[in-house]
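> Give me the fold of what follows.
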Amino acid sequence: MLLKFFITCNKIGAFTLGGGYAMIPSMEKEFVDNHKWMDKQEFMDIMVVAQTTPGIFAIDMASHIGYKLRGIWGGIVGAIGIALPSIIAILVIAMCFHNYKDNPWVERFFMGVRPSVVALIAAPVFKMAKTANIGWNNVWIPVLACLLISNPFSNNPAYKVSPILIIILAGVAGWLYGKWKRKNN
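Have a look, this model is predicted:
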């Protein structure tokens, strides 16, 4: 049973593009319809629990389903089974990239991709900024944090600062700013 569950999770992880929520129909088809390991209501209940659990949604789903089917070992097998194809793909890409990183065509490709990556990251950041009430009077906190993380002086070890420390300090600065603003209003 565990081997069959592992192979099923592996198949879902390998052939479902988009991850996370894109895997739900495949998981439901395999676990509810094909193998009849649970009914639709149990699957939906596990999905709700997996949504509230911190971590990668697809891995949470597979581990919760595995735990329901076979306890702790089922949960471990489900998590490994669903994640293994992605881990292998990332390792293969990393090995290939290492061999071609100095290729001028590859360098040009990544230079061309950078603006789109920035745009993909910036769009949700601006939406979150509106929700967090970031305006011109307090925008200095995230801007300063980004500058410190990018660290233009990174060649000098005396100026290296952990990004985790910067994020914590930015959070404290934002909290202090909010407290100061409430006090003065």
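
> which phi and psi does the spatially most central residue of the chain have?
Nearest residue to the geometric centre of the chain (Cα atoms, centre = their mean): Ile56, 6.4 Å. With angles defined as degrees, to the nearest 10, Ile56 sits at phi -80, psi 130.

> tell me which strands and helices the top helix by length along the chain is in contact with?
Using DSSP state H, we find that the single longest helix of the chain is helix 57-100. Contacts defined by 3 or more Cβ pairs under 8 Å, 6 or more residues apart in numbering; DSSP states H and E place helix 57-100 against helix 2-15, helix 24-28, helix 40-52. (C-beta placed from N, C-alpha, C; glycine too.)

> Distance from that helix to the middle of the chain?
Offset of helix 57-100 from its chain centre (Cα atoms, centre = their mean, to the nearest Å): 14 Å.

> where does this structure have low pLDDT?
The chain contains residues with pLDDT under 70 at 18-19, 117-133, 149-160.

> Apply 80 and report the result again.
Scanning the chain for pLDDT under 80 picks out 17-21, 96-101, 110-164, 166-167, 170, 174, 185.

> could you list every residue that touches Met95?
Applying Cβ atoms under 8 Å, 6 or more residues apart in numbering to Met95 gives no contacts.

> All set now, cheers.
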